[in-house]
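>>> got a sequence here, can you model it:
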Amino acid sequence: MTTMMELKKRFMQHPLLPSEVIGQQNKWRERWGLQPRSPEPSENWRYYFDPSEIHGTDPNDPRQRLRFALRSADSDRNAKYFLTGSKGAGKSTTAYSLWDDPHISERYTLISFTIRDYLNLADTDASQVIAVMIAHLVEQLRDANAGAALGDLDDRAAVKALNAVLKKVRPSAGLSQVNVSVFGWFTAIFKESSSAREEFRRFIDGRFDEVMGLFDELNGLLEQRTGKPTLFVVDDLDKIPTGRSSEKIFNEQLVMLLRPRCAALYSYPIEVDHDPKFDGLKRGQPNRYVLANVKLIEAPDGPIIDEGRTVMTQFVCRRLEGKQLEDFIDLTPPQWDRVLHYSAGNFREMSRILAHAFEIAAMTDKPRADQACFELALKRLREDYNVFVQKYRGFLAKVHDHAGEPPDGLDADQLKVLLAAFVVVEYPNDPGWLGLNHVVVDLLKGQSSTL
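Got it, this is the predicted structure:
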């Protein structure tokens, strides 16, 4: 029988790599001297809920537009696709679900990875992303038994120069003793070695065109071998901290992400959409897709829309392995609607509320999470958010009072902080501008978040 603590763990999980991607990555991680990735116990990739399963017939759904663009025969084989949305909107789920789309897998050679596995998020840049992509291309060619096609790879000027950099940061490294390319070496040490990151930046500054020429040559060999274009899915770029790091990658270094002659899907932080510095990204990329939260209300404090209720409830039932809510949750229908209301129509926030409620049920030996469990779960959320409300009360009140349009004199830096912290929730499928998390609204009013 499923216990409350098992349910807590289930709702704390967030989408990880599909098993196909883990298998692909682990072969290469072993060559690079890294520990293999292991799925969490009892994890099943397809257990994660893709909202496009419900909204699949809507041509305005960004998920459907993205897939249509990728499937289209006349689409640019080198197009870059940018995916954004608030935390929990489904960026990773949408990206990795491409592996389950036969139209995509038949059309492309798919290569997926998360930068969190290889890069230091607080100190990364686009050049490191490109290096990891090249390392993956080399290993894909080896897996395709095309190693001989690499020819004199180690004799290229750029590779020799990078070998010299490697000797500087890893004097004992000997490529001849291990089955790894120099780009694989850097992929293995980027995350933990600040000196490797700094030396690689200096290297790429003087050899960008040469390195990108090598990228294109390797990808050309792979496409010739497979007979289809390559599609990179580079996940978790949206996790890069707000500020100088994101500005560097998505403004100053955007040309690096656009340069590879292959198709690529990148994620980016939702804060970028509210920062005028990034108009180049927003205006220059027709293949930009913004994932919305699920729409739950028609108007402030209005009734929950049936479609939104259905989407969120089916999401929860999927994680309950298809069982009914009443098997684990003891709430009346109006109380359940209030739980949905406080999720702000966001799957990640919904999971957080439920994880708290199931833990509280376990602590009190209850077989189901009842109203008292959810009230205490909401109290925990209030405590989490109250730190931000006390610090930014005037700013949040201004956002709340101008839901239809940005208020004059808005502090862009504060907005970015609150977007990244998930205190401000965007509803791009609403006519309005921004909406606040409903727990935050109650805190501003001095009310309790109750069912």
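
>>> tell me where the stretch 151-300 of the chain is predicted with low confidence.
Across the stretch 151-300 of the chain, the ranges flagged by pLDDT under 70 are 151-152, 173-180, 282-284, 300.

>>> would you map the helices across it?
Under the criterion DSSP state H, counting those that start in this stretch, helices of the stretch 151-300 of the chain are mapped to 157-169, 182-189, 194-226, 244-247, 254-258, 279-284.

>>> among those, which comes closest to Ala355?
helix 244-247 (28.3 Å; Cβ to Cβ). Quick note: C-beta positions are derived from backbone N, CA and C, even for glycine.

>>> ok, back up a step: ranking the helices of the stretch 151-300 of the chain by burial, who's on top?
Across these, the average number of neighbours (mean count of other Cβ atoms under 10 Å) peaks for helix 182-189, which reaches a mean of 24.

>>> of all the helices of the stretch 151-300 of the chain, which lies closest to Glu359?
helix 244-247 (33.2 Å).

>>> thinking again about what came up before, and the helices of the stretch 151-300 of the chain as TSV, adding distance to Val339?
Converted to TSV, those look like this (distance: least, Cβ to Cβ, whole Å):
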stretch	distance to Val339
helix 157-169	51
helix 182-189	43
helix 194-226	44
helix 244-247	33
helix 254-258	39
helix 279-284	35
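
>>> out of those helices, nearest to Ala420?
helix 244-247 (9.3 Å).

>>> ok now the closest one, how far from the chain's centre?
Offset of helix 244-247 from its chain centre (Cα atoms, centre = their mean, to the nearest Å): 17 Å.

>>> got the CA coordinates for it in PDB?
Output in PDB follows, covering the C-alpha atoms of helix 244-247 (Å, rounded to 0.1, in the frame of the first residue of the first chain):
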ATOM      1  CA  ARG A 244      25.400  39.000 -14.800                       C
ATOM      2  CA  SER A 245      25.500  35.300 -15.800                       C
ATOM      3  CA  SER A 246      22.200  35.400 -17.600                       C
ATOM      4  CA  GLU A 247      23.000  38.800 -19.200                       C
END
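
>>> where do the strands sit along the stretch 1-150 of the chain?
Secondary structure of the stretch 1-150 of the chain, counting by DSSP state E, counting those that start in this stretch: strands at 80-85, 109-114.

>>> of those, give the one that comes closest to Gln390.
strand 80-85 (27.6 Å).

>>> adjacent strands (with direction) for the closest one?
In the sheet, strand 80-85 lines up against strand 263-267 (parallel), strand 288-291 (parallel) (DSSP bridges).

>>> contacts only, for Ser181.
Neighbouring residues of Ser181 by Cβ atoms under 8 Å, 6 or more residues apart in numbering: Ala135, Val138, Leu153, Val159, Leu175.

>>> that older thread, of all the strands of the stretch 1-150 of the chain, which one comes closest to Ile353?
strand 80-85 (19.4 Å).

>>> re earlier: out of the strands of the stretch 1-150 of the chain, flag the one nearest Ser351.
Per Cβ to Cβ, nearest to Ser351 of the strands of the stretch 1-150 of the chain: strand 80-85, 15.7 Å.

>>> which of the strands paired with strand 80-85 sits most buried?
strand 263-267 (a mean of 24).

>>> what lies in contact with it?
66, 70, 76-84, 91-92, 95, 98, 108, 229-238, 257.

>>> any idea how far Asp209 lies from Lys323?
57 Å (Cβ to Cβ, to the nearest Å).

>>> actually Asn219, not the one I typed
46 Å.

>>> and what of Pro303?
Applying Cβ to Cβ to Pro303 and Lys323 gives a distance of 27 Å.

>>> and for Glu426?
32 Å.

>>> more neighbours, the two?
Glu426 (24 against 11; other Cβ atoms under 10 Å).

>>> these two touch, right, that one and Leu436?
No. Using Cβ atoms under 8 Å, Glu426 makes no contact with Leu436, being 10.3 Å away.

>>> so which of the helices of the stretch 151-300 of the chain is nearest Gln25?
Comparing the helices of the stretch 151-300 of the chain under Cβ to Cβ, the one sitting nearest is helix 182-189, at 10.9 Å.

>>> residues contacting the closest one, please?
28, 31-34, 118, 128, 131-132, 134-135, 138-139, 154, 159, 162-163, 166, 169-170, 173, 175, 180, 196, 200.

>>> give me the buried subset of those residues.
Burial by neighbour count, judged by 16 or more other Cβ atoms under 10 Å, picks out 28, 31-32, 34, 118, 128, 131-132, 134-135, 138-139, 159, 162-163, 166, 169-170, 175, 180, 196, 200 from the contacts of helix 182-189.

>>> okay, buried residues for the helix or strand hosting Ala377 please.
Following DSSP states H and E, the helix or strand that holds Ala377 is helix 371-391. Within helix 371-391, the residues scored as buried using 16+ other Cβ under 10 Å are 371, 373-382, 385, 388-389.

>>> now, the most widely separated pair of the residues you listed?
Gln371 and Phe388 (26.5 Å).

>>> for Val159, give its distance to Gly213.
From Val159 to Gly213 the distance is 12 Å (Cβ to Cβ).

>>> low-scoring stretches of the stretch 1-150 of the chain, by residue?
1, 15-16, 39-57, 146-150.

>>> what segments of it are helices?
4-12, 19-31, 62-71, 91-96, 102-107, 126-143.

>>> other SSEs contacting the longest one?
Going back to what we said before, that points to helix 126-143. In terms of contacts (3 or more Cβ pairs under 8 Å, 6 or more residues apart in numbering; DSSP states H and E), helix 126-143 is packed against helix 19-31, strand 109-114, helix 182-189, helix 194-226, strand 230-235, helix 254-258.

>>> ok, 7 Å please
helix 19-31, strand 109-114, helix 182-189, helix 194-226, helix 254-258 (3 or more Cβ pairs under 7 Å, 6 or more residues apart in numbering; DSSP states H and E).

>>> show me how far the longest one is from its chain's centre.
In this view, helix 194-226 has its centroid 24 Å away from the chain centroid, taken as Cα atoms, centre = their mean.

>>> before we move on, what about stretch 25-33?
Counting by Cα atoms, centre = their mean, stretch 25-33 comes out at 22 Å from the chain centroid.
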